[in-house]
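[1] predicted structure and sequence below. I'll ask about it afterward.
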Amino acid sequence: MFSYFGYRGLRPEESSSDSDDSDNGPERDSDGTQAPSSKSDALNAILERDDMDIDTGAEQQQKIVTVAEDVHLPGMCAECEDQPFSVLCDACGDNFCIVCFQSLHKKGKRRTHVLKPIENTHYPKEAAAQHSQIASHGQAKPAADAPAPVASETPQQSQQADAMSVSASSSQQAVVDENGEPVSPKRTKLVEGYDSDDDANPTASSSSTDITGAAASSAATVSSSLQAPRLEDKTLTESGAWFSERALYIPLRLTYDERKSLRLVQAALNVSEYTDKVDIVTWGSKTKRMAAQLKEICAILSGLVVASDYNKGQQLLKDKDFSQNAKFFQSVFEIGRRYKVMNPEKMRSEYGKLVYMLQDSVTPHVKELLQFSCVRKIRTVFETLREGGAVDMLNHPLMEAATKDIDSGEGKSRYDVQRESKEKTRAVKILSQKFSNANIDADTIEQCLYSIADNHSYLRGNRDPVDKMLFYLKKYFRPDQYEEGFSLAIQGGMGGARLTHSHTRQYHYVLQSMMLWREVLHDMFKLWYLAEEDLLDPENDYRLTDTGQGLNRVQQAPRIGRCIHKILANVQRSVEAWVGSSVVHLGDHNVPNALMFIDKYNQVSRILNPIVLCVDKVAEIYKDPEMRRYIDGKYGGVDNCRKTILADFFRHGFDGSGADNFFDAGSCIDGRLTSAWNWCAKVEKKAYFPIFLLTGFVGFDGQF
């Protein structure tokens, strides 16, 4: 069976000779070694044993290669150091690629800086291509207010509108000062005597730090400043503040009656064709599109009322007075949104239609005709406790025990799991009885506590895989040296890579990317809360645009933009030298709106979970004798098998691939995730894919 995977083991008895001419002995070379009887026999021996080394010399031991000091490549952008520069900013005194110049000069005093196209003698072709982009689009201008929803733009019009505005006003350079103006991240020295922040001062090196020398502190930072969510490491005061802050954005778990309404809204959205009828290119005027919006919204609302109460539904169809059922509509739509936030893998198509319908319902012309708003804020744990006068419960010492996520794994015995479960139940009962009053009953308090526990379960399923990958990165790889065959270095143009990084630089690039993903997932509920505020803001219009991936609603996202920039700035401050670009795409043709942003980062756990499960289970399948023969023959052991998979992912899952230009991929914040998805699409062609299958891999999208 293992010949399918390229392995054919030799049995002991196959080594003995059955030939009748055994008396003459095998033919030997002058050095005494046995020679093949013919060239075809030698070829067959090599082809049949893919674990056989062609070199018949002494067995080579795995070599450890020490990495030399990272060198700043000439001709590269002073900001991202991944793309050739093509413009000069006289005010900044730096050479930039067009992508970084656009992101760094979008607001504040930098908007007045003038770019000057310059020749890049190191990369003349790339510089000429960027010069043509400047000539066709012109210099960046401040983004104007988005127009009201209109008919679709052509791809050419879309490019004129946002191709050069790589990041919207809410998605500027990640590091910002106290006044909200973008600040270029501090670039540290890559070689002695050269500071990438000051080309004119090659001797100012005493205050800089080598990126190789910063490896230890950069890796150690992951387990120190950014590991805040571990409750067991906090004091009582810090724990209470942590619960209070998290409770602001944790949705309240649905009750039994609310789940009935959830099934109702799910069924209505499942059969609805709202976006198929509204977001199309055939509208000749804004008036006709507005009429279609109103017609489809009213159809959904009427269907909900009829399904809930037939008599009320008949009256509604007769009078067309939707305002009488305003509270009902607001409630069912809020329930659907709240359920989706707590269960990101559910309502995968229905949620998009729901948000876009509500986005249209808050526009002034539709809201005026309906005479009410379909939108209300998501009900959170903190809001529920505040209304009931029980906010002090969040500072109680039993909060940690009452909201603990009980994991049956990690080698726990059945006794330990049952003990932790009983402790949690007892803590919940004590808190619910202690803080219940006339305004809030014990059942509602229990609902709040279990909602916080649901958030901990979400973190375990989505954030912890990133922690595990960070653990594997630091366990099997080092920034200052690598084992032969497991270097993380990538070269642009080779293996699909679009970036050129040394082993050290790629190590830090992967480390920092996953550190950022971890922090985004840690604050995902907050980001989702802010994303809905941006999407459903009546003063924040969108435009229907062909982004190259179909018609999309391009809308600014200032709230979520400020939040992701703060997260990015915190990660950048925690490392010695930031590798790659700091551009965050949001509100442009790459990430059209806040909904797409949330959906993009919800994929992180879907990418990393199957890899973590595969790497974890290699040791488990290795216990089987046949599997042991296969893994030893093919990879040389469990650790080498794991390193083969991880090294390929860390190289080509972060190589800037996934698009044919640096606006859509590359080393920008969102491009890192694009490269990872591109790696997932090619995993079936990898030589180690049989290991994925043997460990139970079914796909990166999971089963729902």
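    Great, that's in hand. Numbering: from 1, shown residues only.
[2] tell me the pLDDT at Val447?
    To be clear, residue 447 is Gln; Val isn't right here. If you check Gln447, the pLDDT there is 95.
[3] check the secondary structure at it for me.
    Secondary structure, DSSP: H, G, I helix; E, B strand; the rest coil: Gln447 is helix.
[4] quick one, what contacts the nearest residue to it once chain neighbours are set aside?
    Nearest residue to Gln447 in three dimensions, chain neighbours excluded: Arg253, at 5.5 Å (CB to CB, 6 or more residues apart in numbering). Bear in mind the C-beta positions are built from the backbone N, C-alpha and C, glycine included. Listed by CB atoms under 8 Å, 6 or more residues apart in numbering, the contact partners of Arg253 are 342, 447, 450-451, 454.
[5] again, 6 Å this time
    Arg253 sits next to 447, 450-451 when contact means CB atoms under 6 Å, 6 or more residues apart in numbering.
[6] okay, now the unreliable bits of the stretch 601-704 of the chain?
    Scanning the stretch 601-704 of the chain for pLDDT under 70 picks out the ranges 660-665, 702-704.
[7] so the residue nearest to Gln447 sits in a helix?
    No - the assignment for Arg253, made by three-state DSSP, is coil rather than a helix.
[8] can you tell me how far it is from Glu387?
    16 Å (CB to CB, to the nearest Å).
[9] how about Val612?
    Taking CB to CB as the measure, Val612 falls 41 Å from Glu387.
[10] have a look at those two and say which one is more surrounded.
    Val612 (18 against 13; other CB atoms under 10 Å).
[11] and that one, what element?
    Element membership of Val612 [criterion: DSSP states H and E] is helix 604-621.
[12] which elements pack onto whichever helix or strand comes after that helix?
    Heading C-terminal from helix 604-621, the first helix or strand you meet, by DSSP H and E, is helix 625-634. Under the contact definition 3 or more CB pairs under 6 Å, 6 or more residues apart in numbering; DSSP states H and E, helix 625-634 sits against no other helix or strand.
[13] got the buried residues for helix 625-634?
    627, 630-634 (16 or more other CB atoms under 10 Å).
[14] what comes into contact with the next helix or strand after that helix?
    Counting by DSSP H and E, the next helix or strand C-terminal to helix 625-634 is helix 638-652. Helix 638-652 has contacts (CB under 6 Å, 6+ apart) with 472, 476, 486, 488, 490, 510, 615, 618-619, 622, 631, 635, 679, 688.
[15] repeat that with 8 Å
    472-473, 476-477, 483, 486-490, 495-497, 506-507, 510, 611, 614-615, 618-619, 622, 631, 634-635, 675, 679, 682, 686, 688, 691.
[16] can you check stretch 424-443 too?
    384-385, 387-390, 392-393, 396, 398-399, 401-402, 404, 406, 445-446, 449-450, 453.
[17] redo that, cut-off 10 Å
    255, 384-394, 396-406, 444-450, 453 (CB atoms under 10 Å, 6 or more residues apart in numbering).
[18] and the closest residue to Asp670 other than its chain neighbours, its phi and psi?
    Nearest residue to Asp670, sequence neighbours excluded (CB to CB, 6+ apart): His585, at 4.6 Å. His585 adopts backbone torsions of phi -80, psi 120, taken as degrees, to the nearest 10.
[19] now swap in the one 4 residues further on and tell me
    Phi and psi for His589, reported as degrees, to the nearest 10, are phi -70, psi -10.
[20] what about it, how many residues nearby?
    23.
[21] turn the buried residues of helix 625-634 into TSV, including distance to Lys346.
    Compiled in TSV, the buried residues of helix 625-634 are given as follows (distance: CB to CB, whole Å):
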residue	distance to Lys346
Met627	36
Tyr630	39
Ile631	37
Asp632	43
Gly633	44
Lys634	39
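[22] for stretch 513-523, which positions count as buried?
    So stretch 513-523, judged by 16+ other CB under 10 Å, has buried residues 513-523.
[23] same deal with stretch 545-560?
    Under 16+ other CB under 10 Å, the buried positions of stretch 545-560 are 545-547, 551-560.
[24] now swap in stretch 402-415 and tell me
    Result for stretch 402-415 [16+ other CB under 10 Å]: buried residues 402-406.
[25] do the same with stretch 386-400
    Quick answer for stretch 386-400 (16+ other CB under 10 Å): 388, 390, 393-394, 396, 398-400.
[26] same check on stretch 488-503?
    For stretch 488-503, using 16+ other CB under 10 Å, the buried residues are 488-490, 496-503.
[27] now that stretch: how far from the chain's centre is it?
    From the chain centre to the centre of stretch 488-503 is a distance of 21 Å (CA atoms, centre = their mean, to the nearest Å).
[28] do the same with stretch 458-468
    Centroid separation for stretch 458-468 versus its chain: 12 Å, with CA atoms, centre = their mean.
[29] same deal with stretch 359-375?
    How far stretch 359-375 lies from its chain's middle: 33 Å, per CA atoms, centre = their mean.
[30] could you give the mean pLDDT of that stretch?
    Rounded mean pLDDT across stretch 359-375 is 86.
[31] try stretch 560-568
    For stretch 560-568, the per-residue pLDDT values average out at 94.
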